[in-house]
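Chemist: next comes the sequence, and after it the predicted model I'd like to discuss.
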Amino acid sequence: MRGLCLYKRAAHFYIKHMTQRILIGKIASSHGVKGLVKVDFYAEDTSLLDQAVYTSEKDNKTLKIKLKSKSKNQYLAEIEGITDKNSSDTLKGTQLYIERDMMPELDEDEFYLIDLIGLPCFDEQGQEVGTVTAVQNFGASDLLEIKPKGKESFYLPYSDICVKDIKEDRLIVDLPEYL
């Protein structure tokens, strides 16, 4: 997942499925022998890392991360207490979260894409299409992963063409013909 949890999108509704912690990045790999790591960071505001970050949505284990430099889409970072490659190797894949109240304030008509998870989707005729189970970005654009009842999940581009309306309790979508 890359860069999608923190993007703001306009909407005229209030989402009730809000999580308490927001995913802001992931430790991609270790780097060198001194314990440095490469971090995929999903937010534009690196000051979000000025505080300790959580390593899960529920647990209270935290890491203190200091960004050193940026290379392409990743940051080179130092983690407090990690001083060798063996220690940094154990952190590969660790997801990084912050408390929702530490996120920048949103305007009344904005939300975070992650808050769409759990909302049911309906087509413009009122037929249920499925439920948003994830929001992904594989490099080109944000995609909603939608799981229909009894069928396999599919991806729907998060665009004005496909997502027609966002209401308090549902998404109204226009499915492409290939779906």
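Modeler: Arrived safely, thanks for sending. Numbering: from 1, shown residues only.

Chemist: please count neighbours and contacts with C-alpha atoms only from this point.
Modeler: OK.

Chemist: please report how far the closest residue to Tyr97 other than its chain neighbours lies from Asp50.
Modeler: Computed as Cα to Cα, 6 or more residues apart in numbering, the closest residue to Tyr97 that is not its neighbour in sequence is Leu23, at 4.4 Å. Using Cα to Cα, to the nearest Å, one obtains 15 Å as the distance from Leu23 to Asp50.

Chemist: and Lys167, by the same measure?
Modeler: Lys167 sits at a distance of 35 Å from Asp50 (criterion: Cα to Cα).

Chemist: same check on Val129?
Modeler: Per Cα to Cα, Val129 is found 41 Å from Asp50.

Chemist: of these two, which one has the most company?
Modeler: Under the criterion of other Cα atoms under 10 Å, the comparison of Val129 against Asp50 puts Val129 first, with 19 against 11.

Chemist: any idea how far Leu171 is from the more buried one?
Modeler: 10 Å.

Chemist: identify the contacts common to the two.
Modeler: Common contact partners of Val129 and Leu171 (Cα atoms under 8 Å, 6 or more residues apart in numbering): 120-122.
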